[in-house]
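**Student:** fold the following, please.
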Amino acid sequence: MIRVRALGAPVIALLLVAAVAPAAHAHAIAGMRVFPATMSFDDPGVADEGSWVFSNIDNGGANQNVLNGAFAKRLTHSFGIVASSDYQYLMPQSGTQPAEGWDNVTVAGAYQLFVHPDSESIGMVQFADTIGNSGNHGIGTPYSTYTPEFAFGKGFGGLPHRWRMLRPMAFTGALSVGFPTDPTVPRTLNWSFSLQYSIPYLQDFVRDVGIKGPFKNMVPIVEVPMQTCDRGCADHTTGYINPGVIWIGHYLQWGVEAQIPANSRTGNSVGILLGMDFYFDDIAPHSLGAPLFN
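**Tutor:** Residues are numbered from 1 along each chain as shown. Below is the predicted model of the structure:
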């Protein structure tokens, strides 16, 4: 699930390299490994999908509700575009008027850098632009933010036989830097990763341990989205530890995670994430889910 947060530029260059790029899967798939779409940062696959992620947390004495919507569309097998935005509702506890509305719109170009089936590894680069003044007054910012990003995934399927019960594990991550057009606003380094254990991989490719019903499609996961800012930033590093579970179906996935502050600078309240992702390449493989150009 691609949740772009900013960046924008060399789309022309990406279009040129997409013409000679190797074929990529619509989901984040490398060999037998399916990397589910993470809810707090971008997954490493270029895709045809739509996603919604809802979060609720107490933020500095105010109850914050955010609904993020994103739409991703492949133009070729390896290059796609993404558009997303947040609808925010902030209810202060002091009795003042709540703030609500759409945040700035983010548009991005994403390129599937590599897919290695044998090593279950995958990588993607993305360039996004969060457009200044495109959101509601008081929610969005008057400046834009440009953010280059590298996202990756690695499965543990190559572990030796004695470690075979660890083969369903996988690691994903994303590294990006946000460059605001306002020079007085700090730059941010976003570094996020997840550790996941795929029950479908265990059942199909390691050993059928007899897990039935909806549980056989589940992927227990811990996501760790972190952010570090530079000059003039009082809270240098903030972030969350998000344990939860993702259920993978043929046409969609859904998930639920807790949001636990990683340090005291982040906050002292536990929140919740609820997400749903629709796979357009499976829902409509010959229309909405197909690349525009072969």
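**Student:** buried residues, stretch 285-294. List them.
**Tutor:** Neighbour-count burial for stretch 285-294 flags Gly289, Ala290, Pro291 (criterion: 16 or more other C-beta atoms under 10 Å). Yep, even glycine has a C-beta here, placed from its N, CA and C like the rest.
**Student:** quick one, phi/psi of the most centrally placed residue in the chain?
**Tutor:** Computing the C-alpha centroid of the chain and ranking residues by C-alpha atoms, centre = their mean puts Asp42 first, at 2.4 Å. Note on Asp42: its backbone torsions stand at phi -70, psi 140 [degrees, to the nearest 10].
**Student:** where's it relative to Gly140, distance?
**Tutor:** Distance, Asp42 to Gly140, using C-beta to C-beta, to the nearest Å: 21 Å.
**Student:** ditto for Ala174
**Tutor:** Counting by C-beta to C-beta, the gap from Ala174 to Gly140 is 23 Å.
**Student:** more crowded one of these two?
**Tutor:** For Ala174 against Gly140, the residue with the higher neighbour count under other C-beta atoms under 10 Å is Ala174, and the figures read 25 against 21.
**Student:** so for the residue lying closest to the more buried one once chain neighbours are set aside, what's the pLDDT?
**Tutor:** When the adjacent residues along the chain are set aside, Ala174 lies closest to Ala151, with 4.1 Å between them (C-beta to C-beta, 6 or more residues apart in numbering). Looking at Ala151, its pLDDT reads 98.
**Student:** can you name the next helix or strand after the strand or helix carrying Leu274?
**Tutor:** Using DSSP states H and E, Leu274 sits in strand 271-279. Once the chain leaves strand 271-279, the next helix or strand it forms, by DSSP H and E, is helix 280-283.
**Student:** the chain: helices as residue ranges?
**Tutor:** Remark: helices of the chain, listed N- to C-terminal, are 11-18, 199-201, 280-283; assignment by DSSP state H.
**Student:** can you flag the weakest of these by average pLDDT?
**Tutor:** helix 11-18 (a mean of 35).
**Student:** please tell me how far the residue nearest to the centre of the chain sits from Ser176.
**Tutor:** 8 Å.
**Student:** can you list residues touching both of those two?
**Tutor:** When C-beta atoms under 8 Å, 6 or more residues apart in numbering defines a contact, the residues bordering Asp42 and Ser176 alike are Gln126, Glu149.
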